[in-house]
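[1] Need the 3D shape of this:
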Amino acid sequence: MNTRDEELLLKCLKRVAPGTDLRLGIEYMLQAKTGGLLVLGDSEAVLKITNGGFYIGCNFTAAKLYELGKMDGAIILSSDTKRILYANTHLFPNPEIPTSETGTRHITAERAAKQTKELIISISQKRDAVTLYIDNIKYILEEPRIILSKANQAIQTLEKFKNGLNHLLLNLTVRELEGITTLYDVASIFQRAIIVQKTAKEVNKYITELGSDGRLLQMQTEELMDNVEDDYIKIIKDYVSGDVKTDPSKLKEKILNIESDEIVELETISKILGYEMQGNPVEFNVQPKGYRIISEVMRLPQILITNIIGKFGNLKNIMGAEVDELAAVPGFGKTKAKSFVDRLKKYSEYYFYNDIYNGKEDWIQK
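    Modelled structure (predicted):
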């Protein structure tokens, strides 16, 4: 499923998630085993394929939907699902539209969804199943307990991948402070970031489908993904080639949306950053500009960080600069410059100490 379809499906899942009046009405219809066909939208395309039935024009409630579901035919709701417009109507979509369904209700729903581009919900009378159709998307809703089980497994997987990403970020920090960063280190970060991002999307789909039942999972996910995308942008700003003029946030989206079969290709990530790899990326040394580490060392205005990097060029030169040299940067001043130098020294000592103390000096591939 491409990004557009994923976003479209999420919007649809929000409209029928547990906790909404529409979902409650659907549950009533499932319990009564009446079946039903719901059209969420009264666009011109919908009205063109509608015939017969009754104009209702009342405010939506779950009880009213349940009562109207006892009749045959489709129920047409307003786009915001706040009003019930028609009941017992018949839909006549183009019969030449291809469909993979077999039941009359589902065939009609799929063809109508493809023709009108509106959300059509088919409630099966015999199978107790709810199927969403919109455009070319078909999605069968599952019971909340099954979704919750899948969501918990996905959260555990996300946490595992995120820990792996944190390990790589720590490795990158140590190598940056040592001045031995390679293109392999940078590309590996985004290689893992793509996996983390795709897993987070899967978790978010489950959370959306759970509606009010997914609040705790949403809090867990937000905590896991806190500031992650900001780090991606800072790393891109640190390492993007000067020949690339694209905005870092757009580069981030381009990298994170790389198709699955390209995830293992470090060359694909390197090209987006503006590097044409020749040979092994482990042997391709790169110098960070310093956006990420400066931001971690001291809270400074973005314009001041830009001024520092504009004067010294990269992190190595910044780490070797004297207090007086840093004080000469517009907006810095001697007091702030001295504090920055002291904090940068403690920051470096902390990472070097922990790297050796924890027996992880083998992370640095000298």
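[2] What separation do you get for the most centrally placed residue in the chain and D231?
    Residue closest to the mean C-alpha point of the chain, counted by C-alpha atoms, centre = their mean, is K201 at 4.4 Å. Separation of K201 from D231 (C-beta to C-beta, to the nearest Å) stands at 18 Å. Just so you know, the C-beta spots here come from the backbone N, C-alpha and C atoms, and that holds for glycine as well.
[3] Then F54?
    When F54 is compared with D231 (using C-beta to C-beta), they lie 57 Å apart.
[4] Which residue of these two possesses the greater neighbour count?
    D231 (16 against 12; other C-beta atoms under 10 Å).
[5] hang on, that one is in a strand, isn't it?
    No: applying DSSP: H, G, I helix; E, B strand; the rest coil, one finds D231 to be helix, outside a strand.
[6] my guess is it contacts L169, does it?
    Yes: if you go by C-beta atoms under 8 Å, D231 and L169 touch, sitting 7.0 Å apart.
[7] pLDDT below threshold where in the stretch 251-366 of the chain?
    The stretch 251-366 of the chain contains residues with pLDDT under 70 at 260-264, 353-366.
[8] Look at the residue nearest to the centre of the chain and report its pLDDT.
    Per-residue pLDDT puts K201 at 91.
[9] Hmm, it is touching E6, no?
    Yes: counting by C-beta under 8 Å, K201 does reach E6; the two are 6.8 Å apart.
[10] Identify the residues contacting the residue nearest to Q125 when sequence neighbours are not counted.
    The shortest distance from Q125 to any non-neighbouring residue, by C-beta to C-beta, 6 or more residues apart in numbering, is to G35 (3.1 Å). Residues near G35 by C-beta atoms under 8 Å, 6 or more residues apart in numbering: 29, 69, 105, 123-126.
[11] average pLDDT across stretch 153-165?
    For stretch 153-165, mean pLDDT rounds to 94.
[12] How about stretch 104-112?
    93.
[13] Can you give the distance from that stretch to the centre of its chain?
    Averaging C-alpha positions (C-alpha atoms, centre = their mean, to the nearest Å) puts stretch 104-112 31 Å from its chain's average.
[14] can you pull the alpha-carbon coordinates of that stretch into CSV?
    Presented in CSV, the C-alpha positions along stretch 104-112 are these (Å, rounded to 0.1, in the frame of the first residue of the first chain):
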residue,chain,number,x,y,z
THR,A,104,-24.4,-9.0,-4.0
ARG,A,105,-24.0,-6.5,-1.2
HIS,A,106,-20.2,-6.6,-1.4
ILE,A,107,-20.1,-6.4,-5.2
THR,A,108,-22.2,-3.3,-5.0
ALA,A,109,-20.1,-1.8,-2.2
GLU,A,110,-16.8,-2.3,-4.0
ARG,A,111,-18.1,-1.0,-7.4
ALA,A,112,-19.7,2.0,-5.7
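[15] Flag every buried residue along it.
    105-112 (16 or more other C-beta atoms under 10 Å).
[16] now do stretch 62-79
    Within stretch 62-79, the residues scored as buried using 16+ other C-beta under 10 Å are 62, 64-66, 68-69, 73-77.
[17] quick one: which of those residues sit in helices?
    62, 64-66, 68 (DSSP state H).
[18] Give the full set of residues in contact with L183.
    Counted by C-beta under 8 Å, 6+ apart, L183 has contacts 266, 270, 275, 277, 281, 284-286.
[19] do you know how far it is from Q278?
    For L183, the distance to Q278 (C-beta to C-beta) stands at 11 Å.
[20] just checking, L169 touches I189?
    Yes: contact criterion C-beta under 8 Å: L169 and I189 qualify, at 6.7 Å.
[21] Looking at the buried residues of stretch 104-112, spot the one nearest G310.
    Taking C-beta to C-beta as the measure, E110 is the one of these closest to G310, at 57.6 Å.
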